[in-house]
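Chemist: Quick one: sequence plus predicted model below, questions after.
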Amino acid sequence: MKAALRNPVDFSQFPDANGHFDRYGGRFVAETLMEALHELNEAWRDCRNDPEFLAELDADLAHYVGRPSPLYYAERWSRQLGGARIYLKREDLNHTGAHKINNTVGQALLAKRMGKTRLIAETGAGQHGVASATVAARLGMECVVYMGAEDIQRQALNVYRMRLLGATVQPVTSGSRTLKDALNEALRDWVANVDNTFYMIGTVAGPHPYPLMVREFQAVIGREAREQMLSEYNVLPDALVACVGGGSNAIGLFHPFLNDSEVAIYGVEAAGSGIDTGRHAATLCAGQPGVLHGNRTYLLNDEHGQITETHSVSAGLDYPGVGPEHAWLKDIGRAQYVAITDDEALQGFHDLTRAEGIIPALESSHALAYVTKLAPTMRPDQSIVVNLSGRGDKDIYTVAALEGIQL
Amino acid sequence: MNRITHRFQELRRAGRKVLIPYITAGDPHPELTVPMLHALVAAGADIIELGVPFSDPMADGPVIQKACERALAQGMTPRRVLELVREFRQIDAQTPLVLMGYLNPIERMGHAAFVAAARDAGVDGVLTVDLPPEEAAEPIELMSAAGIAPIFLVAPTSSVERIRRTAQLAQGYLYYVSLKGVTGSAALNVAEVAEKLATIRACTDLPLGVGFGIKDPPTAAAVARIADAVVVGSALVAKMHELADDPERMRREVAAQLAAMRQAMDQAGMPTAFAG
């Protein structure tokens, strides 16, 4: 039982049957949704071990999404940083340009099995909205995407992509008009249309079973990365790095490595203008435990428990909560959570673009910026796997505007 | 005995149904809340649900969302809501008062501190919209010890098994959400509600309140025929917002709106022998 000694926690046993990661997770929704969550949980439990469902999912991931995604050795960038070897898990090469599609392909198959005819989703940067509209188009299902009015301004390109795909993009003007309000509005829609509607949550947050289900759909990232490291280099990486907003790309990479206690894990949050300025979205670094959007987790809120507005240059990280499993991993010390400012992320964006000819999403650029700090502290025989969770085409207007360039 | 249970028994003996108005604390202005509560009592309120504003009211429709935003913009906090309750209690020691809100502000204060402060202020019940009974063991224990009724929702989607389990943990009354939707949604279907209430009654002896979608005296009367209590919120909150610039008129008209429901319910509640 050497492994048991090394790993006092068996991570595959979490969450429990009611979605608890110790004190985090759970189901905190109004009564009307409780039965819908039980129904979803049962459908999901039936599917996750059903060979037919899994074969269909694998086929979609291979032929529609384009998996497995490459694990690319960023040789030139590694040399420039002068430390560990850096490997990029290329989720940016997936269909629709980010990791989000791994989850929507899976949830869409589940929705079809459950006989639902209408898909709803929330979106921040628009990547999950696009990934939802994409699978809805493919299945010929109605799709409504809730998006904060502020984010619609910031992400015109993705809004148009969703409309091209036949989705209705519903602007949300309540509250702070961003991702958290889009989630509230999607939950309200689900309550009213619970009979025919499937709610595709885009991250590892929300009420049970979403944090578990989305993790399982995204864990293909880490399973592949682990196999690729072992088969191509015969070694596990020394460190993993991924950005954390809600945390789905990060948990997708991290989860298959959790029981490998020798692998260090770093989640990178958005420090915005700097944590001390109050304008940030670094929930785990600067928040406290609380309850929002159906789960207990770390939150950014004021002393009276009101959720506070967040800021990040990257709309996809602009969220005041975080997946409950991350909250738990932080508390037990299995993962470390750090934060990167807007300016540092922009530098990471440019660094990778120039060093490797890959334009990363601003979300992923937070992870890259942390790698520029971490890699030089490591030896050349050590390695880092960083999740390049999305491509940066959607962000070039934001980057250009910040640099005073009009396109 | 808790004031809520006492009030239900009192009205049952009198052959009348319980009318429960809801307003959001601090909307349209913190200073108007306590006078409005007294006006509601004078207009026929038997129990009052006082909303504790939250930044992310997921189960509420636009009317109460906006009310929360206005109240928060004026600095409403859970502790200030409890101060308003204390102020109300200086004049009215009889009318049961139920706080309705969301979990995070309570968690931030801490369950024990919240329950102690609520008891001291004179709160009789707490309905936490996003706290289902299976996650509520600690709050239920604390509230019960303090003589505060934990109130829970039952929905059209709730199974008989869930209703039974919820009824075992709930005190005061069960709040039946009359439709699949948020507060202030389109009109409810009385026949469907009646059918579900029959199912719920077979599971519990607790009084049954019905809310969401009750906008006018005829609906209030129709629901009063089948339920023990009628909850009305968005219709009042919308009227308060409309008349926010003229507090005197606001109190008068909102009271009149509630009084019309009271009257319609009392007529509906008359035994048929008298009506004929």
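Modeler: Arrived safely.

Chemist: Would you agree A:Ile120 is in contact with A:Met200?
Modeler: Yes - using C-beta atoms under 8 Å, A:Ile120 is in contact with A:Met200, at 7.1 Å. For the C-beta atoms, the positions are set from N, CA and C on the backbone; glycine is no exception.

Chemist: which SS state does A:Val169 fall under?
Modeler: Under DSSP: H, G, I helix; E, B strand; the rest coil, A:Val169 falls in the strand class.

Chemist: Assess the claim that it and A:Gln155 are in contact.
Modeler: No - when contacts are counted by C-beta under 8 Å, A:Val169 is not listed as touching A:Gln155 (10.1 Å).

Chemist: if you go through chain B in chain order, where are the helices?
Modeler: B:3-14, B:30-42, B:62-73, B:78-91, B:103-109, B:111-121, B:137-145, B:160-169, B:190-201, B:217-226, B:234-242, B:247-269, B:272-275 (DSSP state H).

Chemist: Comparing those helices, which comes out most buried?
Modeler: helix B:103-109 (a mean of 23; mean count of other C-beta atoms under 10 Å in any protein chain shown).

Chemist: how about the residues of chain A that lie near chain B?
Modeler: Contact residues (C-beta under 8 Å from any C-beta of the partner chain) of chain A with chain B: A:18, A:26-36, A:174-175, A:180-181, A:184, A:187-188, A:191-195, A:288-294, A:296, A:299, A:301, A:303-307.

Chemist: Lowest mean pLDDT among the helices and strands of chain B, which one is it?
Modeler: Within chain B, no helix or strand scores below helix B:272-275, which has a mean of 40 by mean pLDDT, DSSP states H and E.

Chemist: And the residue minimising distance to the centre of chain B, how close does it get to A:Asn94?
Modeler: Among the residues of chain B, B:Glu49 comes closest to the average C-alpha position under C-alpha atoms, centre = their mean, at 3.5 Å. Distance, B:Glu49 to A:Asn94, by C-beta to C-beta, to the nearest Å: 48 Å.

Chemist: Repeat that for A:Glu309.
Modeler: 31 Å.

Chemist: More neighbours: which of the two?
Modeler: More crowded of A:Glu309 and A:Asn94, by other C-beta atoms under 10 Å in any protein chain shown: A:Asn94, with 24 against 17.

Chemist: before we move on, back to that, in strands, which of the residues of chain A next to chain B fall?
Modeler: Secondary structure from DSSP state E places A:Gly26, A:Arg27, A:Phe28, A:Gln288, A:Pro289, A:Gly290, A:Val291, A:Leu292, A:Gly294, A:Arg296, A:Leu299 of the residues of chain A next to chain B in strands.

Chemist: May I have stretch A:73-82 as CSV, with CA atoms only?
Modeler: Extracted in CSV, the C-alpha atoms of stretch A:73-82 (Å, rounded to 0.1, in the frame of the first residue of the first chain):
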residue,chain,number,x,y,z
TYR,A,73,7.2,20.9,-26.9
ALA,A,74,7.8,24.7,-27.0
GLU,A,75,11.5,24.4,-27.5
ARG,A,76,12.4,27.9,-28.5
TRP,A,77,10.3,29.5,-25.7
SER,A,78,11.8,27.0,-23.1
ARG,A,79,15.3,28.0,-24.2
GLN,A,80,14.4,31.7,-23.9
LEU,A,81,13.2,31.2,-20.4
GLY,A,82,16.2,29.2,-19.5
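
Chemist: Now do that stretch: distance to the chain's middle.
Modeler: 26 Å (C-alpha atoms, centre = their mean, to the nearest Å).

Chemist: Against B:Leu72, how distant is the residue nearest the centre of chain A?
Modeler: Computing the C-alpha centroid of chain A and ranking residues by C-alpha atoms, centre = their mean puts A:Ser248 first, at 2.7 Å. Taking C-beta to C-beta as the measure, A:Ser248 falls 30 Å from B:Leu72.

Chemist: Residue 25: what's it in contact with?
Modeler: In the absence of a named chain, chain A is used. By C-beta atoms under 8 Å, 6 or more residues apart in numbering or on different chains, the contact set of A:Gly25 is A:Pro15, A:Gly19, A:His208, A:Pro211, A:Asn295, A:Arg296, A:Thr297, A:Pro324, A:Glu325, A:Trp328.

Chemist: I was thinking of chain B, sorry if that wasn't clear
Modeler: By C-beta under 8 Å, 6+ apart, the contact set of B:Ala25 is B:Thr33, B:Leu50, B:Gly51, B:Val52, B:Pro53, B:Ala71, B:Met76, B:Arg80, B:Val81, B:Leu84.

Chemist: Using TSV, lay out these together with pLDDT and distance to A:Ala281.
Modeler: Listed next are these as TSV, based on pLDDT from 0 to 100; distance: C-beta to C-beta, whole Å:
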residue	pLDDT	distance to A:Ala281
B:Thr33	98	34
B:Leu50	98	33
B:Gly51	98	29
B:Val52	98	26
B:Pro53	98	24
B:Ala71	98	26
B:Met76	97	25
B:Arg80	98	28
B:Val81	98	29
B:Leu84	98	34
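
Chemist: which one among the residues you listed gets closest to A:Ala339?
Modeler: Closest approach to A:Ala339 among the contacts of B:Ala25 (C-beta to C-beta): B:Pro53, at 30.3 Å.

Chemist: show me what contacts that closest one?
Modeler: With contact set as C-beta under 8 Å, 6+ apart, B:Pro53 has these partners: B:Thr24, B:Ala25, B:Gly26, B:Asp27, B:Ala67, B:Cys68, B:Glu69, B:Ala71, B:Leu72, B:Met76, B:Val81, B:Gly101.

Chemist: and with 6 Å instead?
Modeler: B:Thr24, B:Cys68, B:Ala71, B:Leu72, B:Met76 (C-beta atoms under 6 Å, 6 or more residues apart in numbering or on different chains).

Chemist: can you check B:Ser55 too?
Modeler: B:Ser55 sits in contact with A:Gln306, A:Ile307, where contact means C-beta under 6 Å, 6+ apart.

Chemist: How much space separates it from B:Arg70?
Modeler: Separation of B:Ser55 from B:Arg70 (C-beta to C-beta): 12 Å.

Chemist: A:Met378 too?
Modeler: Separation of A:Met378 from B:Arg70 (C-beta to C-beta): 53 Å.
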